[in-house]
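J.: Prediction below, plus the sequence it came from.
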Amino acid sequence: MNLAAPGIKGGDARRFEQEMDQMGAAGINHLRIMAMSEGHGAFRMNPPVQPRAGEMDEALLMGLDRCLEGARRRAMRVTLVLGNTWHWSGGLPQLVDWASSLARPSSNHSSANQPHSTHKTEQSGIPYPISWNVSALPQRHDGFAGWGSWTRLGPDVRPYEEFMKYVASFFTNEKAQQMYRVNALAILNRRNAISGRLYKEDPTILAWEPLNEPQVTPRPTNQTWLGGHLPLAPSNLADPLLRWHRNTTMLIRQQAPSQLITTGFESKQGEWWFRQLHKDPNVDFACAHMWPQNWQWYDMLNDSQSNLDHAVRVSLQYLREIERWAQELGKPVLLEEFGMPRDNWLNAEQSYLYSSNISTSSRDRLFEQVLIQILDSFEHRKGWIGAIPWAYAGAYRPERQNLNKYGMLWAGDPPHEAPGWYSVYDTDEAMRLLKEQSKWTATSA
């Protein structure tokens, strides 16, 4: 969306068109796009669609219009995500902050046209967790931006659990929920300035998603599943997330009856939660995310074969479990996020751990095995209907990155994470694998 926005808003039309062409040439037929971003602040997309509560930046929304038109011209379908658990787009923490501080003076807020750093914090009650600060030490002296480093716990960086508690307060904060509803209705009822179509009637939009990666409460305990490889979140029918999610899918269905709905749920929390969110009659297909390194199935600094074998084995087991749940529920399931680092052990002694100048052998093996299993499931109608790697970065490379006037660089990785960590580049083997999968899928459909 930001890349497709006008240049005055930090967009790059040439790069946007080029990378859409590259994805189209690889046979990619589905994109998942964040449709809202809220507030100026730390570690997030800038400029945002909503610079302040109640205000929308039409130029940024034009970028979203262009995304949809670009997808339509290339016969791609789109899932639009209406909100975010995480702070890289503002998301729920920003809505909670606004709802909790409506009387806060606006003098500390950047205007919609003012350049803004990715790491500078405005007056805020958000307890930001550890995030990547591209402006922190170590800095380069070769004319390019970065490298930066992860923030450390302190007065401005809080423990992860404190952040998650703050995010969870959204589900009992009526003011914050009303802000979300207003935003969601604005997007659902937007008329594309290029095509003239209402979003809620646009066939390019395959599906809507209330929230990226909703997190359940209580947080996982010492119970586990998947052979001990994932913490199990205990069942909790009183979790306010469940009621909010049902109400939101109902709202979307009322507004957009001809389009599909899914959940954005990672599904790592276990079978009970998978069923609770996906049995909703307004949810048309299930989804899951998969992150072998983040979930400690893989160590990117360990070059051993056993390390990779373990990651592949647990990943395929995870996919089989999700497939079984979806079959029993009677709904198809999409792997709408999965990622794997490059062979970063080769960068261990380099100035930047996430450099692009290394091989991708571990990623390629995991991607290949995942795509084979997904395709087999698709061919035999077992449940899986597709897979979306995270995330395309095109021609971007951290070695020659520069910040735009809003303090942004557009990697595949979101602004709160290290640039290049999970980025898939235009010359990566992953693009060939996706093209092969596209051919196989077309043959099996």
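T.: Nice, I can see it.
J.: all helices for this structure, in order.
T.: Listed in chain order, the helices of the chain (DSSP state H) span 13-25, 58-73, 91-100, 160-168, 174-188, 240-255, 271-278, 305-329, 361-379, 429-444.
J.: mean confidence for the third one?
T.: Looking back up the chat, that one is helix 91-100. Averaging the model's pLDDT scores along helix 91-100 yields 98.
J.: ok, back up a step: Asn344 is nearest to which of the helices of the chain?
T.: With respect to Asn344, and counting by C-beta to C-beta, the nearest of the helices of the chain is helix 361-379 at 8.9 Å. From N, CA and C alone the C-beta is placed, and that goes for glycine too.
J.: between that closest one and helix 429-444, how many degrees?
T.: For helix 361-379 and helix 429-444, the angle between their directions (axes from the mean of the first three to the mean of the last three C-alpha atoms, to 10 degrees) works out to 10 degrees.
J.: Where does pLDDT dip in the stretch 51-200 of the chain?
T.: When the per-residue scores of the stretch 51-200 of the chain are filtered using pLDDT under 70, the ranges that remain are 103-123.
J.: go with 50
T.: 103, 107-118, 120-121 (pLDDT under 50).
J.: Same question for the stretch 251-400 of the chain.
T.: Low-confidence segments of the stretch 251-400 of the chain, defined by pLDDT under 50, are absent; every residue clears the threshold.
J.: Return the most buried member of the helices of the chain.
T.: When neighbours are counted by mean count of other C-beta atoms under 10 Å, the highest per-stretch mean among the helices of the chain falls to helix 91-100, a mean of 24.
J.: Quick one: work out the angle between it and helix 174-188.
T.: What separates the directions of helix 91-100 and helix 174-188 is an angle of 120 degrees, with the same axes, to 10 degrees.
J.: same for helix 91-100, what does it pack against?
T.: Taking 3 or more C-beta pairs under 8 Å, 6 or more residues apart in numbering; DSSP states H and E as contact, the helices and strands that helix 91-100 lies on are helix 160-168, helix 174-188.
J.: Pro415: which of these is closest?
T.: By C-beta to C-beta (comparing all of the helices and strands packed on helix 91-100), the closest turns out to be helix 160-168, at 15.9 Å.
J.: Show residues contacting the closest one.
T.: Contacts of helix 160-168 with the rest of the structure, by C-beta atoms under 8 Å, 6 or more residues apart in numbering, involve 85, 87, 91-93, 96, 125-130, 215, 217, 219, 241.
J.: right, and out of those, which lies closest to Gly196?
T.: Proximity of the contacts of helix 160-168 to Gly196 was ranked by C-beta to C-beta; the top entry is Gly91 with 30.1 Å.
J.: residue boundaries of the strands in the stretch 1-150 of the chain?
T.: According to DSSP state E, counting those that start in this stretch, the stretch 1-150 of the chain carries its strands in the segments 30-34, 77-81, 132-133, 149-150.
J.: Turn those into JSON lines, including distance to Glu69 and mean neighbour count.
T.: Listed next are those as JSON lines, based on distance: least, C-beta to C-beta, whole Å; neighbours: other C-beta atoms under 10 Å:
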{"stretch": "strand 30-34", "distance to Glu69": "12", "mean neighbour count": "20"}
{"stretch": "strand 77-81", "distance to Glu69": "11", "mean neighbour count": "22"}
{"stretch": "strand 132-133", "distance to Glu69": "32", "mean neighbour count": "22"}
{"stretch": "strand 149-150", "distance to Glu69": "38", "mean neighbour count": "14"}
